[in-house]
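Undergrad: Let me see the structure of the following:
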Amino acid sequence: MKKSFKTGTTPLISKQLQTLLSEAGEDDVIDIADDLDRMILDNGLQIHHFGFARDLDLALFILNNKKVITKPLSSFPFLEKAEDWDLDQYTVSESGIHWTILDADISLRGLLQEDEVLTK
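TA: Numbering: from 1, shown residues only. This is a model prediction of the structure:
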């Protein structure tokens, strides 16, 4: 998974977002959602289960609506290098999946942006 910016640098943000953030007060709630965020929220989409087949270089993300997102396990170097037992030690949150032992996260939004969603 590519980073959008180099470690130790501040990512570039639009002037519009800079203005919005600078004008916001401490108690203001800033809703920065696009169509993909709304679709995830409106449909209550979440990752339900994670599976993998190391010999097939396959990572499976099963959603709560029975759709499956597939991706090569090798596209996640931190998962590919992990022991099988560590890969099974994950937790699911509203926004994605987390491996505490590996200190790694994958967001549902990121998966939906990058992959084809297959039906059961």
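
Undergrad: Please enumerate the helices of this protein.
TA: 15-23, 35-42, 77-80, 84-87, 108-114 (DSSP state H).

Undergrad: and those helices as CSV, adding mean neighbour count?
TA: Where C-beta positions appear, they are placed from N, C-alpha and C, glycine not excepted. Putting the helices of the chain into CSV (neighbours: other CB atoms under 10 Å) gives the following:
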stretch, mean neighbour count
helix 15-23, 10
helix 35-42, 12
helix 77-80, 16
helix 84-87, 13
helix 108-114, 15
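
Undergrad: Out of these, which is closest to Phe50?
TA: helix 84-87 (7.7 Å; CB to CB).

Undergrad: Now that closest one: average pLDDT?
TA: Mean pLDDT, computed over helix 84-87, is 94.

Undergrad: CA atoms only: put it into CSV for me.
TA: Output of helix 84-87 as CSV, limited to C-alpha atoms (Å, rounded to 0.1, in the frame of the first residue of the first chain):
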residue,chain,number,x,y,z
ASP,A,84,-0.1,-16.8,10.1
TRP,A,85,-1.1,-16.7,13.8
ASP,A,86,-0.5,-12.9,13.8
LEU,A,87,-2.7,-12.5,10.8
